[in-house]
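Undergrad: Task: produce atomic coordinates for the following.
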Amino acid sequence: MAKEEIERGNWTGKLDFILSCIGYAVGLGNVWRFPYLCYRNGGGAFLVPYAIMLFIAGIPLFFFELSFGQFASEGPVTVWKVSPFFMGIGWAMCLISAMVSIYYNVIIMYSIYYMFVSFVSIDTTLPWQTCTNIWNTENCRIKPYPKLSELNEINKTMELIGLNDKSCLNKTVDDVNSLFGTSLTSYMEFNSTMLQSNVTKQCEIKFRTASEEFWTRQVLQLQETPDGLYDIGDVSIRNLICLLFAWIFIFFCLMKGVKSSGKVVYFTATFPYIVLLLLLIRGVTLEGYYDGILFYIIPKWEEISKPKVWGDAATQIFYSLGVAFGGLLTMASYNKFKNNTLRDALLVSLINCSTSVFAGFAIFSLLGHMAFITNRLVEEVADSGPGLAFVAYPEGIAKLAEPWPPIVAFLFFFMIFTLGLDSQFAMMETVISGLSDVFPYYLRKHKTLFTFVACMIGFLLGIPQVCKGGIYVLTLMDWYSGSYNLMIVSLCELVAVCYVYGVNNFRRDIEMMLGGFPNVFWVYWYVTWCFITPVAIVFIVIMSGITYAPAYYTKYEGVYTFPDFAEGLGWLMVVSPLALIVGGMIVQSIRYGGVAKALKAQPDWGPALDENRTGRYSPRGEPDFSKDEPAGATNLGYVGEKGRPYVVNDKNGYDHRL
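TA: Residues are numbered from 1 along each chain as shown. Here you go, the predicted structure:
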């Protein structure tokens, strides 16, 4: 057993694990999703349901998975020796992590491309600072919108004419005359009131920022794929090269398992905080920052009464902490047996949520300045997802005084790169270690080669997403690959451990690692694991179903709704992991000769090292094994190449090694 543990690998220090957990939990969602949800759901008032969901679902699940993985030192698949009937849960975790890894690395690829462009522009200007590039259209605009309230009538009228399509204005002359009772002959005779009326509203030019045109027309090249998913176009060679670079970088960081990735996170987990701090310091020195921050934090208490706000809070906690992906189980499995998982769970959960709030201040100070420059409302420049990271942020950065834009842009996209890497490390390690634990004699001894093959498969599967219409494929995967299935997987693991294996048994396992606690300490964990957290998960699923909308992608020309076949592919991504759970139950029931036997913990369940197998996992005497069946030991089992004897289901209902 000890030899196997050494072959599997361990963290080289406590800080490796904590920083890896922080890097895994603190990801892109903290920067581009939480602030958006905060302003959409009542500003500062959103922190109330967010904090409540953290304590009734986030922390309990985080502590649960860390303790579960560390106790057995097993990955997400083989840890289900505790109840083989549920082994499909581990396979489901691996599949979800694999699917998310495919598109997540494409997002990292975008950050690499922007980072390169920013670096080569340090001595000049960023390409999204001007509208004179070959990809720009006549609707590209970098001038601030005029402050009409500060202009006299003549200047206001001239500015408004410039903001409208003149041929369209000419066609509205008769309607304007009818509305205002005039007899004008040309739009040049309109006044500012006429130009702001509903009659002329249709003539307003839909301007685009330089950063939006750079993203859609240069990076994505969506103008060449008007048919959406029906024709995603040719492969973008530059994006393909950046994607290959991203996967090769992931390979070199994971080639030696946690021994290599555990060192990389010393930089990748801490660097984002430096950049966020710099962005905040710079942001609060810009005009308009105050409006952005006020918009972010002013509470709208009436929003709390809406169920959707609570659903968004629960979903954000769920995704942000990364439960049910298998990443926490995997990282904890490399810990030393006595590591304090309670301390780590509380520390990482609170750091993760604090980072979300802190990032919001840095982000909305920039958005406030962007709104000030463009003479728009803050809510009009706020966005979520890639639109925030690759359009709104670059636009805000482009408005900084020289020579800051290229420098800040490089640092910002380097931060996006490092934020994505930590999460990608954990998800890929989940897939690699999950398979290696099942086939240790074939895969673990060839870890480097297997890691390379896994990364190259991820690269090949990501190629459709670097086509000129690849953003549609990415959006589809982002929408469905980690959605309802994550919640149901999490619910299944709670049921399997707390109700089948037994929450009391799980408590004793944790106390073997952490030491004893008074009964009052366990009240919170019992209540959340057995009742409140499952109810919260069911609530999230129901709310997600009630507010469900088919996948779509918002672009300048309008909203692109995915066709029926794409919707079907999306639901296939949702159902596939769940099918593995059901299939695993069927297969394991057949293998073990019935459901009842498949539900029971296996003889080799427990701590991986002999030195840690104490209490009910320790030897119960030394029977005479020279006989075929020692007296009084009719419930013996033998496992391992040396035929180690185990007592199966002793008088107290436990399985333990003799």
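Undergrad: For the closest residue to residue 420 other than its chain neighbours, give its distance to residue 22.
TA: In space, and not counting its chain neighbours, residue 420 is closest to residue 108: 4.1 Å by CB to CB, 6 or more residues apart in numbering. C-beta: built from backbone N, CA, C; applies to glycine. Counting by CB to CB, to the nearest Å, the gap between residue 108 and residue 22 amounts to 18 Å.
Undergrad: what do you get for residue 403?
TA: Residue 403 is 33 Å from residue 22, by CB to CB.
Undergrad: These two: which has the busier surroundings?
TA: A direct count of neighbours by other CB atoms under 10 Å for residue 403 and residue 22 places residue 22 higher, at 21 against 12.
Undergrad: mind checking the SS state of the more buried one?
TA: helix (DSSP: H, G, I helix; E, B strand; the rest coil).
Undergrad: For residue 274, see how far away it is.
TA: Residue 22 is 14 Å from residue 274, by CB to CB.
Undergrad: repeat for residue 488
TA: 38 Å.
Undergrad: From what I see, residue 184 and residue 178 are in contact.
TA: No. Residue 184 lies out of contact with residue 178 (CB atoms under 8 Å); the separation is 10.9 Å.
Undergrad: So which of those two has more stuff around it?
TA: residue 184 (15 against 10).
Undergrad: Could you look up the SS state of that one?
TA: Going by three-state DSSP: residue 184 is coil.
Undergrad: Please spell out which residues along the helix or strand where residue 19 lies are buried.
TA: Following DSSP states H and E, the helix or strand that holds residue 19 is helix 14-25. Under the neighbour-count criterion of 16 or more other CB atoms under 10 Å, helix 14-25 has 16-25 buried.
Undergrad: just to revisit the earlier point, in which helix or strand would I find the residue nearest to residue 420?
TA: helix 87-120.
Undergrad: Now do the buried residues in that helix.
TA: For helix 87-120, by 16+ other CB under 10 Å, it's 87-118.
Undergrad: which helices and strands sit right next to that helix?
TA: helix 237-254, helix 404-438, helix 447-462, helix 470-480, helix 484-495, helix 564-591 (3 or more CB pairs under 8 Å, 6 or more residues apart in numbering; DSSP states H and E).
Undergrad: what's the average pLDDT for the second one?
TA: Taken as a whole, helix 404-438 carries a mean pLDDT of 90.
Undergrad: could you check the angle helix 237-254 makes with that helix?
TA: 50 degrees (axes from the mean of the first three to the mean of the last three CA atoms, to 10 degrees).
Undergrad: Would you mind identifying the next helix or strand past helix 404-438?
TA: helix 440-443.
Undergrad: what's that next one packed up against?
TA: Applying 3+ CB pairs under 8 Å, 6+ apart, one finds that helix 440-443 contacts helix 2-8.
Undergrad: could you give me the average pLDDT of the helix it packs on?
TA: pLDDT averaged over helix 2-8 gives 47.
Undergrad: do the same with stretch 291-304
TA: The model assigns stretch 291-304 a mean pLDDT of 86.
Undergrad: who touches that stretch?
TA: The contact list for stretch 291-304 (CB atoms under 8 Å, 6 or more residues apart in numbering) reads 35, 38-39, 41-46, 48-49, 283-284, 309, 360-361, 363-369, 371-372, 378-379, 382.
Undergrad: ok so, going back, so which of residue 488 and residue 274 has more stuff around it?
TA: Between residue 488 and residue 274, counting by other CB under 10 Å, residue 488 is the more crowded of the two (20 against 11).
Undergrad: Pretty sure that one sits against residue 580.
TA: No. Residue 488 is not in contact with residue 580 according to CB under 8 Å; the separation is 11.6 Å.
Undergrad: hey, what's in contact with both of those two?
TA: By CB under 8 Å, 6+ apart, no residue touches both residue 488 and residue 580.
Undergrad: wait, isn't residue 151 in contact with residue 160?
TA: No. Between residue 151 and residue 160 there is no contact under CB under 8 Å: 9.5 Å.
Undergrad: Have a look at these two and say which one is more surrounded.
TA: The neighbour count for residue 151 versus residue 160, taken as other CB under 10 Å, is higher for residue 160 (22 against 15).
Undergrad: The helix or strand the more buried one falls within - contacts with which helices or strands?
TA: Using DSSP H and E, residue 160 sits in helix 153-162. Here helix 153-162 touches helix 192-195, going by 3+ CB pairs under 8 Å, 6+ apart.
Undergrad: So what's the gap between the next helix or strand after the helix it packs on and the chain middle?
TA: The element immediately downstream of helix 192-195 (helix or strand, assigned by DSSP H and E) is helix 210-213. Put simply, helix 210-213 sits 25 Å off its chain's centre (CA atoms, centre = their mean, to the nearest Å).
Undergrad: for stretch 507-522, same thing?
TA: 32 Å.
Undergrad: Let me know the average pLDDT across it.
TA: Rounded mean pLDDT across stretch 507-522 is 93.
Undergrad: what number of residues lie near residue 450?
TA: 18.
Undergrad: Next up, the contacts around the residue lying closest to it once chain neighbours are set aside.
TA: Distance criterion CB to CB, 6+ apart; nearest residue to residue 450, sequence neighbours excluded, is residue 443 at 4.9 Å. Residue 443 is in contact with 435-436, 450, counting by CB under 8 Å, 6+ apart.
Undergrad: out of these, who's nearest residue 335?
TA: Closest to residue 335 out of those is residue 436 (17.2 Å), distances taken as CB to CB.
Undergrad: PyMOL command for the buried members of the contacts of stretch 291-304?
TA: The buried residues among these can be selected in PyMOL (16+ other CB under 10 Å) with this line:
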select buried, resi 35+38+39+41+42+43+44+45+46+48+49+283+284+309+360+361+363+364+365+366+367+368+369+371+372+378+382
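Undergrad: Helices - which of the contacts of stretch 291-304 land there?
TA: Among the contacts of stretch 291-304, the residues falling in helices (DSSP state H) are 35, 38-39, 48-49, 283, 309, 360-361, 363-369, 371-372, 378-379.
Undergrad: Count the residues that sit near residue 211.
TA: 25.
Undergrad: Okay, it and residue 398: tell me how far apart.
TA: 6 Å.
Undergrad: hey, what's in contact with both of these two?
TA: residue 128.
Undergrad: same for the helix or strand harbouring residue 66, what does it pack against?
TA: Element membership for residue 66 (DSSP H and E) is helix 59-72. Secondary-structure packing of helix 59-72 (3+ CB pairs under 8 Å, 6+ apart): helix 307-321, helix 327-333, helix 341-374, helix 484-495, helix 503-514, helix 519-527.
Undergrad: which one of these lies closest to residue 602?
TA: Across those, closest to residue 602 is helix 503-514 (CB to CB), at 13.6 Å.
Undergrad: for that closest one, the distance to its chain's centre please.
TA: Worked out by CA atoms, centre = their mean, helix 503-514 lies 30 Å from the chain centre.
Undergrad: Would you mark the buried spots in that helix?
TA: 503, 505-507, 509-510, 512-514.
Undergrad: and the angle for it with helix 341-374?
TA: Using the same axes, to 10 degrees: helix 503-514 against helix 341-374 is 90 degrees.
Undergrad: and helix 503-514, what does it pack onto?
TA: helix 59-72, helix 341-374, helix 519-527.
Undergrad: Which strands or helices does the shortest one pack on?
TA: What that stands for is helix 519-527. Right, helix 519-527 is packed against helix 59-72, helix 503-514 by 3+ CB pairs under 8 Å, 6+ apart.
Undergrad: Output that helix as PDB - backbone C-alpha positions only.
TA: Only the C-alpha atoms of helix 519-527 are listed here, as PDB (Å, rounded to 0.1, in the frame of the first residue of the first chain):
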ATOM      1  CA  ASN A 519     -21.000  16.900  19.400                       C
ATOM      2  CA  VAL A 520     -22.100  20.500  19.000                       C
ATOM      3  CA  PHE A 521     -19.500  21.000  16.300                       C
ATOM      4  CA  TRP A 522     -21.100  18.400  14.200                       C
ATOM      5  CA  VAL A 523     -24.600  19.800  14.300                       C
ATOM      6  CA  TYR A 524     -23.900  22.300  11.500                       C
ATOM      7  CA  TRP A 525     -22.400  19.700   9.300                       C
ATOM      8  CA  TYR A 526     -25.000  17.000   9.900                       C
ATOM      9  CA  VAL A 527     -27.900  19.500   9.200                       C
END
